[in-house]
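Peer 1: this one's sequence-less:
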């Protein structure tokens, strides 16, 4: 939501971000949804790091096998 204001110095309008309070009856639901999203987001990051570590170990093993047979 924005507010338009007349500007005395120049022609046109100044655009400002307008305040719009969040309805209190939905505040608890919003907090719960945000907490659930943050929990899922951090769990996914841990999983990606684990996959990257497994791939790195596999690449290292393949490199050692190739260098040992050469």
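Peer 2: Alright, I've got the coordinates. These figures come from a predicted structure and were not determined experimentally.
Peer 1: for the rest of this, base every contact and every neighbour count on C-alpha atoms.
Peer 2: Noted.
Peer 1: from residue 3, how far off is residue 9?
Peer 2: 18 Å (Cα to Cα, to the nearest Å).
Peer 1: between those two, who's got more neighbours?
Peer 2: Just comparing residue 9 and residue 3: by other Cα atoms under 10 Å the higher neighbour count belongs to residue 3, 11 against 6.
Peer 1: hmm, the more buried one is touching residue 13, no?
Peer 2: No: Residue 3 is beyond contact range of residue 13, at 9.4 Å (criterion: Cα atoms under 8 Å).
Peer 1: joint contacts of those two?
Peer 2: Overlap between the neighbourhoods of residue 3 and residue 13 is empty, taking contacts as Cα atoms under 8 Å, 6 or more residues apart in numbering.
Peer 1: tell me the SS of residue 9?
Peer 2: Taken by DSSP: H, G, I helix; E, B strand; the rest coil, the conformation at residue 9 corresponds to coil.
Peer 1: identify the residues contacting it.
Peer 2: Counting by Cα under 8 Å, 6+ apart, residue 9 makes contact with nothing.
Peer 1: next one: phi and psi at it?
Peer 2: With angles defined as degrees, to the nearest 10, residue 9 shows backbone torsions of phi -80, psi -30.
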